[in-house]
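**Q** this is a predicted model, with the sequence first.
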Amino acid sequence: MWLHHQRVTAPTPASLRTAGVSLIPQDRRKEGLALPFTIEENLLLSTHLLDTLTSGCLLPPSAVRRFATAQIDRFSIRTPSPTQPVSALSCGNQQRVVIARELAFAPQLIVAANPSRGLDVGATRYVHQALLECCQHGAGVVLISTDLEEVLTLSHRIYTLYQGQLLGPIEPTAARAQIGRMMTGAWVPP
Amino acid sequence: MGTTLAARAVVLVPPFLALVSAFAVVTLGLWLTGVDAVQVFSALLAGAGGDQYRLSETLVKACPLLYTGLAVALSLHAGVWNIGAEGQFLLGALATAWVGRYLTGLSPVLGLPLTCSVALVAGSAWALCAALLKTKRGVNEVISTIMLNFIAAGLVSYCVHGPLMEAGGQYPQTDLLPESAQLPRLLPPTRLHLGVPLALVFAVGVWFFLFRTKAGFKLRATGANAIAARFAGIRVDHQLTLALVLSGALAGLAGGIEVSGVTQRVYEKFSPGYGYTAIAVALVGQRSPLGVVLAALFFGALDAGSGTVQRVAGVSSVLVSVIQATVVFFLAAYSTETGHQFWQRRYENRKPVLMLACCLLPLACSALS
């Protein structure tokens, strides 16, 4: 796999994170957040962030607090305190915590799986804007979504998966019927 | 800040309620059997802290529980149930007794660190067996550590009857440790030894490791959500191994310190189940090092006071085990997820009432006695 002219071999979650890959997982409560942890602990739940925040093996609470407060401001997470348990937040704010963590240090590639699942309109719009901003700053975004509207509004190129086969690319301006036939495997783009 | 303090205080609710309920049930039991409960509890109190000697006995009894309790608490932070503190404790003790044979005439400055580190290594090696079984073969650590306990008990039995039997060959026990391997006594008539204050140092150390280092953060993340931890780039199997090995090291050290500080030799049935009580200590202490210190003192006090209860009040000292078990029983009932939410809600609604109750309860207790 090539990432920004650098070859990534035998990737592990840790080496991918160091290489600048971020992941917004599909199920934030199971894969994205540690629910017993506080907000500031969840904001740090990435080996890459831990290493970037401070060198050495200590984790000074002042540095953690400074980082968390900055992220809470930047991504407008609504909470009375960074030491609140993350489980006390609403779905939208929980997703903001995931996004704040994954977009903290200008990632090069973001893999987002159903990033707006279960969110209300406002939170969904927020997630979309955050992803588009990353794009404008030069990051690549792989959006994996079951929501066709989302795919059509956000993407530059669309691929579909049919029975393990990757089909595409196709422009988001293409006729919907065509994309639909691609999704069911009825039509293979040239 | 206020909300966080309240959220933290909620952690204390289950153990506190468990203590109150346990004592209520025990009092009821005593009353039904026609025993004067006040006499029993005052005997317990006097036996645990009546004078300097008894207070020191409480500390001495609490010491192994503190180390092993910290061991279990540390592994619980990684989501690993180390039920094997008992076996690791025995291995640490056995290793100390074995090394002690070769240390005659050495300076304690060299001898003590040597015995302590041997106990530490022995305990962690025993735990490493369970860690390897878990990470390589997927064996549940609860099963493997319990099984390793029986093997350790058998090993102690074999050693004190065979290769490590005392030179006189009279009893199934090891030789007395040479002076170079004995922990110094701090207040000579009492049995208070250097291992007791050292335990507090280790409690602070465990707290610092868990909450102030990156390695501790990764370990806790694994316990909080192993899947999210893996997504975060944390090597979950490494964390599980680390947790078990550190836990085993603490439990092994407990065994070594018990031998070189208190018993000076290893014999069959050397541990009265410290490693098992440790699980209760870690749970009552809510996994937090400070909580473990307090819980270990409480369980140590119960142990130290049990003799006096039997002598003065004429109630079997087994009563103490009943109290311990009842506390754990109620704790299990109160600290389920739904129970926790229940108390959190209650706390939010009835904050003033709860605070008043907290203030009044000690007053009421002192007025009654």
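**A** Nice, thanks for sending it over.

**Q** show me which residues of chain A are close to chain B?
**A** A:12-14, A:16-18, A:23, A:25, A:30-37, A:41, A:44-48, A:50, A:57-61, A:80-81, A:83-85 (C-beta under 8 Å from any C-beta of the partner chain). Where C-beta positions appear, they are placed from N, C-alpha and C, glycine not excepted.

**Q** of these, which belong to strands?
**A** residue A:23 (DSSP state E).

**Q** state the number of residues packed around residue 81.
**A** You didn't say which chain, so I picked chain A. 16 (other C-beta atoms under 10 Å in any protein chain shown).

**Q** nope, chain B
**A** 16.

**Q** which helix in chain A has the most residues?
**A** Criterion DSSP state H: the longest helix present in chain A is helix A:121-136.

**Q** contacts for stretch B:89-98 next, please.
**A** Contacts with stretch B:89-98, where a contact means C-beta atoms under 8 Å, 6 or more residues apart in numbering or on different chains, come from B:64, B:68, B:115-116, B:118-123, B:125-126, B:149, B:152-153, B:155-156, B:159, B:164, B:174-175, B:177, B:181, B:251-256, B:258-260, B:265-266, B:270-271, B:274-275.

**Q** ok, stretch B:47-61 next?
**A** The set of residues external to stretch B:47-61 that reach it, using C-beta under 8 Å, 6+ apart, is B:46, B:187, B:189-193, B:196, B:261-262, B:297, B:299-309, B:312.

**Q** swap in 7 Å and give it another go.
**A** Residues outside stretch B:47-61 that contact it (C-beta atoms under 7 Å, 6 or more residues apart in numbering or on different chains) are B:187, B:189-192, B:196, B:262, B:297, B:300-301, B:303-305, B:307-309.

**Q** same question for stretch A:31-42.
**A** Residues contacting stretch A:31-42 (C-beta under 7 Å, 6+ apart): A:25, A:29, A:45, A:64-65, A:68, A:79, A:82-87, A:94, A:97-98, A:101, B:221, B:224-225, B:227-228, B:231.

**Q** repeat for stretch B:262-275
**A** Contact partners of stretch B:262-275, identified using C-beta under 7 Å, 6+ apart, comprise B:60, B:64-65, B:68, B:85-87, B:89-90, B:93-94, B:97, B:156-157, B:160, B:172-177, B:182, B:191, B:193, B:251, B:254, B:259.

**Q** among these, which ones are in helices?
**A** Reading helices off the contacts of stretch B:262-275 with DSSP H, I get B:60, B:64-65, B:68, B:85-87, B:89-90, B:93-94, B:97, B:156-157, B:160, B:251, B:254.

**Q** just the contacts of stretch A:31-42: which are in helices?
**A** Per DSSP H, the subset of the contacts of stretch A:31-42 in helices is A:64-65, A:68, A:94, A:97-98, A:101, B:221, B:224, B:227-228, B:231.

**Q** tell me which parts of chain B are close to chain A?
**A** Within chain B, the positions near chain A by C-beta under 7 Å from any C-beta of the partner chain are B:3-4, B:7, B:212-215, B:217, B:221, B:224-225, B:227-228, B:230-234.

**Q** now the contacts of stretch B:47-61: which count as buried?
**A** Among these, those buried by neighbour count (16 or more other C-beta atoms under 10 Å in any protein chain shown) are B:190-192, B:196, B:262, B:297, B:300-301, B:303-305, B:308-309.

**Q** columns distance to residue B:168 on top of those, output as TSV?
**A** Below are the buried ones among the contacts of stretch B:47-61 laid out as TSV (distance: C-beta to C-beta, whole Å):
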residue	distance to residue B:168
B:190	29
B:191	24
B:192	29
B:196	31
B:262	21
B:297	38
B:300	33
B:301	36
B:303	31
B:304	31
B:305	35
B:308	34
B:309	36
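
**Q** let me know the closest of these to residue B:21.
**A** Using C-beta to C-beta, the shortest approach to residue B:21 within these belongs to residue B:301, at 18.6 Å.

**Q** ignoring the adjacent residues along the chain, who's closest to the closest one?
**A** Closest residue in space to residue B:301, ignoring its immediate chain neighbours: residue B:48 at 3.8 Å, by C-beta to C-beta, 6 or more residues apart in numbering or on different chains.

**Q** mean confidence score for the helix or strand hosting that neighbour?
**A** In this assignment (DSSP states H and E), residue B:48 forms part of helix B:37-49. Mean pLDDT, computed over helix B:37-49, is 89.

**Q** relative to the whole chain's centre, how far out is that helix?
**A** Helix B:37-49 has its C-alpha centroid displaced from the chain centroid by 23 Å (C-alpha atoms, centre = their mean, to the nearest Å).

**Q** hang on, residue A:141 packs against residue A:131?
**A** Yes - Residue A:141 is within contact range of residue A:131, at 5.4 Å (criterion: C-beta atoms under 7 Å).

**Q** find the residues that touch each one of those two.
**A** A:110, A:112.

**Q** and the residue nearest the centre of chain A, how far from residue A:117?
**A** Centroid-nearest residue in chain A: residue A:24, 3.0 Å away (criterion: C-alpha atoms, centre = their mean). Counting by C-beta to C-beta, to the nearest Å, the gap from residue A:24 to residue A:117 is 10 Å.
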